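> How does the following fold in three dimensions:
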Amino acid sequence: PPPNCHRVYLAAPGCACCCSQIYAAVQPTEHGYTVVVSIPAETLPAGVSPKLHWGLYRNNPTWVHPSEVVPHESWRDDVTGAMRSHLHYDQQTDLWSIDMKIPRGFAPLTLGFVLWYQETNQFEGTRAGCHFALPIGLGPGKPHPLGPTLMSASKASRPQDVVCTMNFAVFSRHATNMNLCLMRADGTGYLEVALDPATNRTGDVWHVQLPGLKDVGSLCYGWRPNGAGNWAEGGCFHPAYIMLDPYCPRALPVELPQAAYDAAPLLPPEGSVEGPCLLGSLAHLVDLFDWEGVERPTRTLEETVIVELDVAAFTTGSDADASVRSEHRNTYLGVIDRLADIKATGATAVLLGNVFLSSNKPAGAADGASSNGTSAGAGNPQVRRPLSFFAPDTRFAAGGNPGDAANQLKELVKAVHKEGIEVLLEAEFCLTSEAGGGIGGRLQSYAGLDGDMYLRGGGGPEATGVLNTGQPVVRQLLLDALRWWVTEYQVDGFCFVNAENLTQDPHGGVLDSPPIVEELASDPLLASCKLIAASANDSLLPRSGVRGFPHYGVLLEWNNHFGADMLGLLRDNAGGLLSTFATRMTGSQDLFAARWDGGLPGGLAAGRRPAFGVNALEPPLSGSLLQLAGAAEDLDRAEIVARSLLMAVLVAQVCTP
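Just a heads-up that it's a prediction; the model follows:
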């Protein structure tokens, strides 16, 4: 074949009216692209003069034929709507060929074509029976890594003038069509490109490479998937919606331009889409953060004292009025304003409540389901569930610009590290905001991309929103996300709430040695962090939780037994707990000492130092201590009980060997 061309094979030799191969080349020029399609004459049926039956398309299957592209002596077929153009025979090379000029401003797009034999009125397509798809102004891309990847960048005096080539890749096994949608963060401009399964799909990953992108920091993107299981039939696909990429490093709420609605092949179930759409942002490619040489503090497990805080609650209310500036309330920067209060607790680590990009949703029957192997159920009338495990939540950005969230969270981490205090993040890898298809049934990410792979029980209107951590693609997503937070945000560890979901296979069966936990424990970057497993229901752990969470000698454990026994003795006055009380106060050896005589796998039988147990009174970031002590029934008694409980926690910290 000629240099720099794509070789495309037609139907297998021996079929009626078929040739063995065809060559198509796309050559960049100063003003656009030259497309050359050529066929060896010896491969054609005898006595035919081939015609190109073609059209151009970008984001839908409708073929168009701009006058600037149509070759001389072409004509439109009224039956199919396609353009037909002559191929010319070169006796010297024995090739039939045609040249087409595509102006640069038309790209990216795809040339779809088949051969037509006028003499026999027959068509010649691909082996799969479809038309050929030749990308122009875009490349096939690469399936790895997932998410957006900068492939190359030119030099320019201003950042916005840098010309970049980007690769985009997303996983969706059950999608049959996938479009990439791009626009500016302010909602201006719109580009939607249809991916061809033959050239833009490898296995279960859809991918495409786009050159010539300028001012990438202001670009946002998303995916429009479609497939056989549509929403009306209870499936997970609805092409009215643009999905957030699970691997997007940042996300922004964007008011979609009218062009995004015009490109949708269907209307949403409720007839319209209200409010902004969450889209991935490429701002991380241009934002540089100065850590000023601040390094992570190093704290041993034995000296670790954790204080839990929720960004919104900690920076608002009467306790925050004296130290948090009004413009910093309910923001990451407000936590910095209260650093003195954090230091006063004597804590060596701060556990931040959910800072992953999340959505508020009503907690209902679909919010967790025991039939799918998770214990978490309906809680508060409004709960925040994560939507992205890479992007920080934009609602906590001060100043009204959601794009500042990432750098402000980094400022928080840097300020806390300066005080010698570690930063841990709550990681909810169980319930997502995609229950019932998301907020108001609106698809947002996992449920619409491939709910049957990402969620337990599948997507669709009845989706539980429970993350299927037993699927290999989900395990890889979570591990990549954790590494991203450690490298990009310099965090020191994580607390996995509802951790029992991590121990389950794709069908909800409990595993003694869950693959994702093994990978966590063996990962050289993550194993050096503080990793805390906090289950909501120990009975859903391996062996009914008698040995706690599988740990492999690496993971710490939120000691639920400690809280239950302390409350039973000091609040409920339950009898027969003195021996158990002594066990809890001296390190809970029943959980953390080695036990090799019970036929247990190594992840459960191996011993851990008592310091691997986090002695807390209730699950992470639950209600206040007074509420736990029974303030609703008797406030005076609750204050006494609360002091006793707090003293027990402090003494257990000192008494633990």
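> Counting neighbours, which bits of the longest helix anywhere in the chain end up buried?
Taking DSSP state H as the criterion, the chain has its longest helix at helix 635-655. By 16 or more other Cβ atoms under 10 Å, the buried positions in helix 635-655 come out as 638, 641-642, 645, 648-649, 652. Where C-beta positions appear, they are placed from N, C-alpha and C, glycine not excepted.
> Looking at those residues, which one is closest to residue 130?
residue 649 (66.1 Å; Cβ to Cβ).
> residue contacts, that closest one?
For residue 649, the contact set (Cβ atoms under 8 Å, 6 or more residues apart in numbering) comprises 566, 615-617.
> Now which of those would you call buried?
Listed as buried from the contacts of residue 649 are 566, 615-617; burial here means 16+ other Cβ under 10 Å.
> quick one: the strands in the stretch 101-250 of the chain?
109-117, 122-124, 132-136, 147-153, 163-171, 175-184, 191-194, 201-202, 205-214, 219-227, 250-254 (DSSP state E, counting those that start in this stretch).
> what pairs with the fourth one, and is each one parallel or antiparallel?
Based on DSSP bridges, the strands next to strand 147-153 in the sheet, each with its direction, are strand 163-171 (antiparallel).
> now swap in the shortest one and tell me
Next to strand 201-202 in the sheet, as set by DSSP bridges, lie strand 205-214 (antiparallel).
> And the first one, by the same measure?
Here the strand partners of strand 109-117, with direction, are listed using DSSP bridges: strand 50-57 (antiparallel), strand 122-124 (antiparallel), strand 132-136 (antiparallel).
> just to revisit the earlier point, pull the most distant pair out of the buried ones among the contacts of residue 649.
Farthest pair in the buried ones among the contacts of residue 649, by Cβ to Cβ: 566 and 616, 9.6 Å.
> I'd like to know how far the closest residue in space to residue 286 that isn't next to it in sequence sits from residue 153.
With sequence-adjacent residues excluded and distances taken as Cβ to Cβ, 6 or more residues apart in numbering, residue 286 is closest to residue 217, at 3.7 Å. Distance of residue 217 to residue 153, computed by Cβ to Cβ, to the nearest Å: 12 Å.
> picking that back up, can you convert the buried residues of helix 635-655 into a markdown table and add a column each for pLDDT and distance to residue 130?
Compiled in a markdown table, these are given as follows (pLDDT from 0 to 100; distance: Cβ to Cβ, whole Å):
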| residue | pLDDT | distance to residue 130 |
| --- | --- | --- |
| 638 | 89 | 71 |
| 641 | 91 | 72 |
| 642 | 90 | 70 |
| 645 | 89 | 68 |
| 648 | 88 | 70 |
| 649 | 86 | 66 |
| 652 | 82 | 67 |
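> Check what contacts stretch 293-309 and list those residues.
Contacting residues not belonging to stretch 293-309 are listed as 335, 342, 345-353, 414, 417-418, 420-422, 424, 490, 492, 530, 556, 609, 611-612, 614, 620-621, 653, 656 [Cβ under 8 Å, 6+ apart].
> are any of those residues buried, and which?
By neighbour count, with 16+ other Cβ under 10 Å, the contacts of stretch 293-309 hold 335, 342, 347-353, 414, 417, 421-422, 424, 490, 492, 530, 556, 611-612, 614, 620-621, 656 as buried.
> can you tell me which of the residues you listed are in strands?
Secondary structure of these is defined by DSSP state E; positions in strands are 349-352, 422, 424, 530, 556, 614.
> Closest one to residue 78 out of the residues you listed, please.
residue 352 (64.5 Å).
> Please enumerate the strands of the stretch 251-400 of the chain.
Per DSSP E, counting those that start in this stretch, the stretch 251-400 of the chain has strands spanning 277-281, 306-309, 349-352, 358-362, 382-386. These are given in chain order.
> ok, the third one: who's next to it in the sheet?
Meaning strand 349-352. strand 306-309 (parallel), strand 422-428 (parallel).
> got the angle between the longest one and strand 382-386?
On the basis of axes from the mean of the first three to the mean of the last three Cα atoms, to 10 degrees, strand 422-428 is oriented at 100 degrees to strand 382-386.
> need the next SSE after strand 422-428, C-terminal direction.
Downstream of strand 422-428, the next assigned helix or strand under DSSP states H and E is helix 446-454.
> and that following helix, what does it pack onto?
Contacts defined by 3 or more Cβ pairs under 8 Å, 6 or more residues apart in numbering; DSSP states H and E place helix 446-454 against strand 163-171, strand 219-227, helix 472-488.
> Before I go, just wanted to say thanks for your time.
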